[in-house]
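[1] this is the structure alone, sequence omitted:
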């Protein structure tokens with residue numbers, strides 16, 4: 001069931017799947033919280049590295065406590081990622097199966113791709129789907145990040161205005 005051409009059909013499906021993926025990420029994962037947790041992890045790692053240089057008992061206990069905190073934080077981050085992964089698999093695996101069923105054996109604008117250092121050959125329809133999906137994912141995530149930064153900047157401006165008006169009243 002080719003609508004326009006296999007190349008266009010697969011590209012449109014890959015873009016639709018990417019849009020759904022980014023939407024699910026936004027709904028199921030708190031990007032700000034994840035970013036904050038990653039920054040905290042980096043700080044803890046630096047502190048642990050500094051504490052490992054000391055050989056006293058207090059430093060060792062503090063290092064163990066921080067490692068436990070890091071383990072708890074990474075477990076929480078993994079839970080968020082697993083939730084997204086499980087939901088996305090339910091959505092995307094049937095789509096990938098349908099693409100394989102509809103377009104297996106068809107040629108796209110790229111030919112079959114052989115993966116370097118292996119003897120695996122990826123069919124052209126799948127290579128095209130993966131390529132379009134990766135490119136559209138990068139572009140869409142860049143757009144979402146830009147929109148998040150814009151919202152954050154607007155919120156910061158709104159928070160600054162009342163402070164400035166209060167200063168003028170005094």
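    All right, it came through fine. All figures in this text were calculated on a predicted structure; none of them were measured in a lab.
[2] in stretch 84-101, which residues are buried?
    The neighbour-count check on stretch 84-101 (16 or more other C-beta atoms under 10 Å) flags 84, 88, 99 as buried. Every residue, glycine included, has its C-beta placed from N, CA and C.
[3] okay, and the second one sits in which element?
    For residue 88, the element it lies in under DSSP states H and E is helix 57-103.
[4] give the contact list for the residue most central in space within the chain.
    Nearest to the geometric centre of the chain sits residue 25, at 7.1 Å (C-alpha atoms, centre = their mean). Listed by C-beta atoms under 8 Å, 6 or more residues apart in numbering, the contact set of residue 25 reads 31, 84.
[5] would you mark the buried spots in the helix or strand hosting it?
    Using DSSP H and E, residue 25 sits within helix 6-28. Within helix 6-28, the residues that qualify as buried are 6-7, 9-11, 13-15, 17-18, 21-22, 24-25, counting by 16+ other C-beta under 10 Å.
[6] okay, and for the protein, where does confidence drop off?
    1-3, 161-170 (pLDDT under 70).
[7] out of the buried residues of stretch 84-101, who's nearest residue 147?
    residue 84 (19.3 Å; C-beta to C-beta).
[8] can you tell me the closest non-neighbouring residue to that closest one?
    The spatially closest residue to residue 84, leaving aside those adjacent along the chain, is residue 28, at 4.5 Å (C-beta to C-beta, 6 or more residues apart in numbering).
[9] contacts for stretch 41-52 next, please.
    59-60, 62-63, 66-67, 69-70, 73-74.
[10] I misspoke; the intended subject was stretch 144-164.
    Residues outside stretch 144-164 that contact it (C-beta under 8 Å, 6+ apart) are 22, 26, 31.
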